[in-house]
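Enquirer: The following comprises the amino acid sequence and a computationally predicted model.
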Amino acid sequence: MSIIHAKATLRALLKAQREQLTAAAVISASQKIIDQLCSQSFFINSYHIAGFWPVGKEIDLRILYSRSESTNKCFYLPVIDNNNEMNAKKEGTEPCLHFASYKNKDYLQKNRFGIYEPASLQFIQNITTLDLILLPLLGFDAAGNRLGMGGGFYDRALACLHQAKNVKRPILIGLGYEFQRQERLPTHPWDIPLQGVITENRYTHF
């Protein structure tokens, strides 16, 4: 079985499992995960933090954005650039993911995938200026490998970290459910491992 086929098969299985969660289970797990996140030194010491807007049964970070409203932390949400005229790529090129500033209760708009994005489009210029990136996931393994939805947006956005030397890199932390933990995921050479994952049960550092 090819890596692409193996990933697609596992992705479908884990997505189906996640969709079976109740709304109450999602909120309960999200609160436990955010409680753990807020107690970690890497979060406490981070100022520029990229998060995500929940899609379906993903971990609900809206709790975090509301809780952090009175802090000095700056949050950013992902934006797919070819969904906005001013940032459109030439026809035929791959859409890229950037991070735009977000404050709790800012106006958001849906992209073509139905995911909410900041309307302000105040992008950060370099991903290395971020202190922490919180990533959604469908699966993860003991080596810190992450299985996403398959669009490759985070892979392309983080690709520059492969070449980055002698620069401060953002900490990459996945947020997911304990049932998404796998013994070993199929991987590609360009996959960038996470430094840690927080589930409703524990924080795992890789």
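Expert: On my side now, so go ahead.
Enquirer: can I get the CA coordinates of the helix or strand that contains Ser66 in CSV?
Expert: Taking DSSP states H and E as the criterion, Ser66 maps to helix 62-67. The C-alpha coordinates for helix 62-67 follow below in CSV (Å, rounded to 0.1, in the frame of the first residue of the first chain):
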residue,chain,number,x,y,z
ARG,A,62,-12.9,29.6,20.8
ILE,A,63,-12.7,28.9,24.6
LEU,A,64,-9.1,29.9,24.6
TYR,A,65,-9.6,33.1,22.6
SER,A,66,-12.3,34.2,24.9
ARG,A,67,-10.3,33.3,28.0
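Enquirer: List the buried residues of it.
Expert: 63-65 (16 or more other C-beta atoms under 10 Å). Every residue, glycine included, has its C-beta placed from N, CA and C.
Enquirer: With stretch 122-140 instead?
Expert: Quick answer for stretch 122-140 (16+ other C-beta under 10 Å): 124, 127, 130-140.
Enquirer: right, and the secondary structure at the residue nearest to Thr128 when sequence neighbours are not counted would be what?
Expert: Sequence neighbours aside, Val167 is the residue nearest to Thr128 in space, at 5.2 Å (criterion: C-beta to C-beta, 6 or more residues apart in numbering). Counting by DSSP: H, G, I helix; E, B strand; the rest coil, the backbone at Val167 sits in coil.
Enquirer: How many neighbouring residues does the residue nearest to Ile3 when sequence neighbours are not counted have?
Expert: Computed as C-beta to C-beta, 6+ apart, the closest residue to Ile3 that is not its neighbour in sequence is Pro186, at 4.6 Å. If you count neighbours by other C-beta atoms under 10 Å, Pro186 ends up with 19.
Enquirer: Tell me which residues touch Pro186, please.
Expert: Counting by C-beta atoms under 8 Å, 6 or more residues apart in numbering, Pro186 makes contact with 3, 6-7, 10.
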